[in-house]
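1. with the input below, show me the fold.
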Amino acid sequence: MSIFFNFTAHKELVSCVGWTTADELYSSSDDHQILKWNLLTNETIQVVRLAEEIYPIDLHWFPKTTGGKKQIQTEIFVLTSTDGKFHLVSKTGRVEKSVEAHRGAVLAGRWNYEGTALVTVGEDGQIKIWSKTGMLRSTMVQQGTPVYSVAWGPDSDKILYTSGKQLIIKPLQPNAKLFQWKAHDGVILKVDWNIVNDLILSGGEDCKYKVWDSYGRLLYSSQAHDYPITSVAWAPDGQLFAVGSFNTLRLCDKTGWSYALEKPNTGSVFNIAWSVDGTQIAGACGNGHVIFAHIIEQHWEWKNFEITLTKRRSMQVRNVLNDALDVLEFRDRIIKASLSHGHLVVVTSLQCYVYSTKNWNTPLIFDLKEGTVSLILQAERHFLLLDGAGIYLYSYEGRLISSPKFPGMRTDILSSQTVSLSNDTIAVRDKADDKVIYLIDAISGKPLGDGKPLVHKIEVLEVALDQFGSANERKIAIIDKNRDLYIASVRRFGKEQKIIKIGTMVHSIAWNDKINILCGMQNMYFVVWYYPNSIYVDKELLSKTVYEKDASEFGKSPQIVNYVGNQVTVRRADGSLIYTSISPYPAILHEYVSASRWDDAVRLCRFVKEQTMWSCLAAMAIAHKDLMTAEVAYAAIGEIDKVQYINFIKDLPSKETRMAHLLLLTGNVQDAEGILIQAGLIYQAIQININLFNWDRALELAVKYKTHVDTVLAYRKKFLEDFQKEESSKRFLQYAEGVEVNWEKIQAKIEMEISKEREHAATIINLNSAGSRSTHINR
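-> Below you'll find the model as predicted:
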């Protein structure tokens, strides 16, 4: 953070500031002036001189956009003052309306995100909700202590306010239960609640600032400072926040650690406002100054490149291999940047620049639509830009590929946790219902498959798409409110969506950028799932394909930044970066398998001699239906029962039954049955249900296809006799009356079915060989 202006234009204490655009700010002071600051021309103009009895306390502009749509209403702001009134003031300085609101000072006034309601709080301990024209709707709260600060919840359906040392969340619905907790050891002076990350910020007279989740759980508490915390404010995208105190301005990460500390000679910073694009901060200071600061020294790293934002319009690129330096200059102020997959994407206030890491001299430049970009996501083939109006997918050549839409789209509140990008898919968690994830085809911008979203049973906190492989095999990892980690297949092919749990107490995850290996922080361990897909192949193998190591070196609440190549970057709670290396062998194994180099894969596992590698290979071989390799891998990890089953599968006469039994090995009974019925192998479909004791389904198939009803009844009778039980199923009793059970006839029928299957398989083989011979002759 760099302080670049420190202007004295007011004669008295400055109480509040508010941005209209990224380069224009209004400030209000005890000298009764409202001033307009233009940062492009460095001009300061008096907008209006207020009446002598008006001493302003808080200022908040009417929201310009609601849900990405521009407001048509005239630009106005609410100004609260010590005389118990709030004033609706136009951009030109005209006081449109003054409303008697509270007994004593009106300490804060805030518009909700939609601009449909205004909340005011006062010294009289009351909280009131007003219409946008200043008509009283309701008195929400009446308490005995002053309410110093208030903030709307992200959905504008609840408010957060202070009550002495307590923080209270009150829903707007009548009779809804309020939620309160002791947050500080002194009176709380300021609060803020971010719409994107849903986190709460508080600061008070105990000289501490704290970060909370929306359930009142403490995520971070600072050490006690020298002076009370007089102002706190979230950046629009929820990645940073600013804290003001006496002669102090601090910039912090959302997890609490401090990026920068400035000690300007300004007195107390009573109010902090972020510019719309999140690049600048303005502070209202006790000595009459208005302080301006902008965010610099941001860093981006990828492989051997390190990029630093050195000034508002320039970056420095350093290649750590040869210490080569390049300076990138831009026409406008830099708002966002992202470095990954061999490309640097930089967004300024008007344009987007795309650099290849192979050539820093000739960027591809294209103009942006109106709106401030809040997020950049990159995949190998393309990148995603999000602004308040929409989602835009661009190729690295600057071509607009698609602009996805989905019901109730609110792009202004999406973050890197709630939207994910791969080469073929975009995943977005719904804001209206946190359990819903929209899956969108990246190229067409339309919903995948039947258009139905993925629905989880409880609220989803984070989504992440894997980056490697074909679109049909794409997987999504999900962390829910209980901190459980799930994995699901993105494409369903008409089947019911299966969301399978693979971990508990997981609070940070990342996929590898080239191979489908997943890493995460699980409880007190750093965990790597070398082959997460094994949950779909053989559930018992999942735990054997996982690498764990003690995470105490990362400290408390570490966050995974990225997983590139064999290196994982982790940020500790104090902000420092730690790098940890992952074994290169699983990635090599993935490459061999994707190229069908099974012999090389087996040789690699023999060389490494690790159970995790053999377990991965066993699951991969079953997934790719390579029985020879699967047999070797299962033998190496001592799974003798599965080796025997694989040998049994290899001896089966037809391709369809082999395929069905492979699906049985992976637990897909329904698919196995479907293959056999489609091939006309009804007896085999009935038999697998008998073997699995699915008696009702076996009888249902036998009755439906009018075959082997006696076989099912015979096996059922034998099963009950073995366990010395009587038949209790009405269905079986009904059919047992009219069907004779003769084991000799049944055995003869079974042998006939098996010989018929062998003949069918032999015919197909002969036809295939004849077809290949005729093709050879024609050539």
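
2. can you show me the helices along the protein?
-> Along the chain, counting by DSSP state H, helices occupy 534-537, 539-542, 585-594, 598-608, 611-623, 627-636, 640-650, 655-665, 669-678, 682-691, 695-704, 709-722, 730-738, 743-778.

3. and the second one, what does it pack onto?
-> In this structure, helix 539-542 makes packing contacts with helix 534-537, helix 611-623, judged by 3 or more Cβ pairs under 8 Å, 6 or more residues apart in numbering; DSSP states H and E. All C-beta atoms are positioned from the backbone trio N, CA, C, and that covers glycine.

4. circling back: ok, and which of the helices of the chain has the densest surroundings?
-> helix 611-623 (a mean of 25; mean count of other Cβ atoms under 10 Å).

5. could I have the CA atoms of that one written out in PDB?
-> In PDB, the C-alpha atoms belonging to helix 611-623 read as follows (Å, rounded to 0.1, in the frame of the first residue of the first chain):
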ATOM      1  CA  GLN A 611       1.800 -49.400  -1.900                       C
ATOM      2  CA  THR A 612       0.200 -46.000  -3.000                       C
ATOM      3  CA  MET A 613       1.600 -46.300  -6.500                       C
ATOM      4  CA  TRP A 614       0.400 -49.900  -6.900                       C
ATOM      5  CA  SER A 615      -3.000 -49.000  -5.500                       C
ATOM      6  CA  CYS A 616      -3.300 -46.100  -8.000                       C
ATOM      7  CA  LEU A 617      -2.300 -48.400 -10.900                       C
ATOM      8  CA  ALA A 618      -4.900 -51.000  -9.800                       C
ATOM      9  CA  ALA A 619      -7.700 -48.400  -9.900                       C
ATOM     10  CA  MET A 620      -6.400 -46.900 -13.100                       C
ATOM     11  CA  ALA A 621      -6.200 -50.300 -14.800                       C
ATOM     12  CA  ILE A 622      -9.800 -51.200 -13.800                       C
ATOM     13  CA  ALA A 623     -11.000 -47.800 -15.000                       C
END
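
6. picking up where we left off before, now distance to T411 and mean pLDDT too, for the helices of the chain, in a markdown table please.
-> Shown next, in a markdown table, are the helices of the chain (distance: least, Cβ to Cβ, whole Å; pLDDT from 0 to 100):
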| stretch | distance to T411 | mean pLDDT |
| --- | --- | --- |
| helix 534-537 | 32 | 91 |
| helix 539-542 | 36 | 91 |
| helix 585-594 | 34 | 96 |
| helix 598-608 | 43 | 96 |
| helix 611-623 | 36 | 95 |
| helix 627-636 | 46 | 95 |
| helix 640-650 | 48 | 90 |
| helix 655-665 | 41 | 85 |
| helix 669-678 | 38 | 85 |
| helix 682-691 | 49 | 88 |
| helix 695-704 | 47 | 88 |
| helix 709-722 | 57 | 88 |
| helix 730-738 | 55 | 83 |
| helix 743-778 | 54 | 69 |
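
7. of all the ones you listed, which lies closest to N482?
-> Across the helices of the chain, N482 has its closest neighbour in helix 534-537 (18.2 Å, Cβ to Cβ).

8. surely D430 touches V455?
-> No. Judged on Cβ atoms under 8 Å, D430 makes no contact with V455 at a distance of 9.5 Å.

9. neighbour count winner among the two?
-> It is D430, of D430 and V455, that has more neighbours when counted by other Cβ atoms under 10 Å, with 19 against 13.

10. what does stretch 583-598 rub up against?
-> 468-469, 512, 514-517, 528, 530-531, 547, 566, 600-601, 604-605, 608, 610, 612-613, 616-617, 620-621, 624, 626, 628-629 (Cβ atoms under 8 Å, 6 or more residues apart in numbering).

11. ok so, going back, okay if I get the helices and strands packed on helix 539-542 as JSON lines plus distance to W61?
-> Shown next, in JSON lines, are those (distance: least, Cβ to Cβ, whole Å):
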{"stretch": "helix 534-537", "distance to W61": "50"}
{"stretch": "helix 611-623", "distance to W61": "56"}
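
12. closest to D198 out of these?
-> Ranking the helices and strands packed on helix 539-542 by their distance to D198 (criterion: Cβ to Cβ) puts helix 534-537 first, at 29.7 Å.

13. from the middle of its chain, how far away would that closest one be?
-> 23 Å (Cα atoms, centre = their mean, to the nearest Å).

14. can I get that helix in PDB, CA atoms only?
-> Presented in PDB, the C-alpha positions along helix 534-537 are these (Å, rounded to 0.1, in the frame of the first residue of the first chain):
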ATOM      1  CA  SER A 534     -10.600 -44.500  -7.500                       C
ATOM      2  CA  ILE A 535     -13.800 -43.800  -5.400                       C
ATOM      3  CA  TYR A 536     -15.700 -44.600  -8.600                       C
ATOM      4  CA  VAL A 537     -13.600 -47.700  -9.400                       C
END
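
15. what does it contact?
-> Contacts for helix 534-537 (Cβ under 8 Å, 6+ apart): 487, 489, 498, 500, 502, 541-542, 545, 615-616, 619, 622-623, 666.

16. ok, now stretch 551-569?
-> 219, 255, 301-303, 340, 507-514, 517, 519-521, 524-526, 570-574, 577-584, 587.

17. do the same with stretch 615-626
-> 530-531, 533-534, 536-538, 541, 544-545, 586, 589-590, 593, 596, 598, 601-602, 605, 627, 629-630, 633-634, 637, 639, 642, 659, 662, 665-666.

18. try 6 Å this time
-> Residues outside stretch 615-626 that contact it (Cβ atoms under 6 Å, 6 or more residues apart in numbering): 530-531, 534, 537-538, 541, 544-545, 589, 593, 598, 601, 605, 629-630, 633-634, 637.

19. got a list of what E43 touches?
-> Per Cβ under 6 Å, 6+ apart, neighbours of E43: none.

20. verify the contact between C605 and T629 for me.
-> No. In this structure, C605 is not within contact of T629 by Cβ atoms under 6 Å, at 9.7 Å.

21. still on that earlier bit, between D430 and V455, what contacts are shared?
-> Going by Cβ under 6 Å, 6+ apart, residues that sit against D430 and also against V455 are V436.

22. which stretches of the stretch 301-450 of the chain form strands?
-> 305-311, 314-319, 324-329, 334-340, 343-348, 351-356, 359-367, 373-378, 382-387, 391-395, 400-402, 419-421, 425-429, 436-441 (DSSP state E, counting those that start in this stretch).

23. format these as JSON lines; extra columns: mean pLDDT, distance to A183 and mean neighbour count.
-> Converted to JSON lines, the strands of the stretch 301-450 of the chain look like this (pLDDT from 0 to 100; distance: least, Cβ to Cβ, whole Å; neighbours: other Cβ atoms under 10 Å):
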{"stretch": "strand 305-311", "mean pLDDT": "93", "distance to A183": "34", "mean neighbour count": "18"}
{"stretch": "strand 314-319", "mean pLDDT": "95", "distance to A183": "39", "mean neighbour count": "17"}
{"stretch": "strand 324-329", "mean pLDDT": "94", "distance to A183": "44", "mean neighbour count": "12"}
{"stretch": "strand 334-340", "mean pLDDT": "94", "distance to A183": "32", "mean neighbour count": "22"}
{"stretch": "strand 343-348", "mean pLDDT": "96", "distance to A183": "36", "mean neighbour count": "23"}
{"stretch": "strand 351-356", "mean pLDDT": "96", "distance to A183": "41", "mean neighbour count": "19"}
{"stretch": "strand 359-367", "mean pLDDT": "93", "distance to A183": "46", "mean neighbour count": "12"}
{"stretch": "strand 373-378", "mean pLDDT": "93", "distance to A183": "29", "mean neighbour count": "22"}
{"stretch": "strand 382-387", "mean pLDDT": "93", "distance to A183": "32", "mean neighbour count": "24"}
{"stretch": "strand 391-395", "mean pLDDT": "95", "distance to A183": "36", "mean neighbour count": "20"}
{"stretch": "strand 400-402", "mean pLDDT": "95", "distance to A183": "44", "mean neighbour count": "16"}
{"stretch": "strand 419-421", "mean pLDDT": "96", "distance to A183": "31", "mean neighbour count": "24"}
{"stretch": "strand 425-429", "mean pLDDT": "95", "distance to A183": "28", "mean neighbour count": "24"}
{"stretch": "strand 436-441", "mean pLDDT": "94", "distance to A183": "32", "mean neighbour count": "22"}
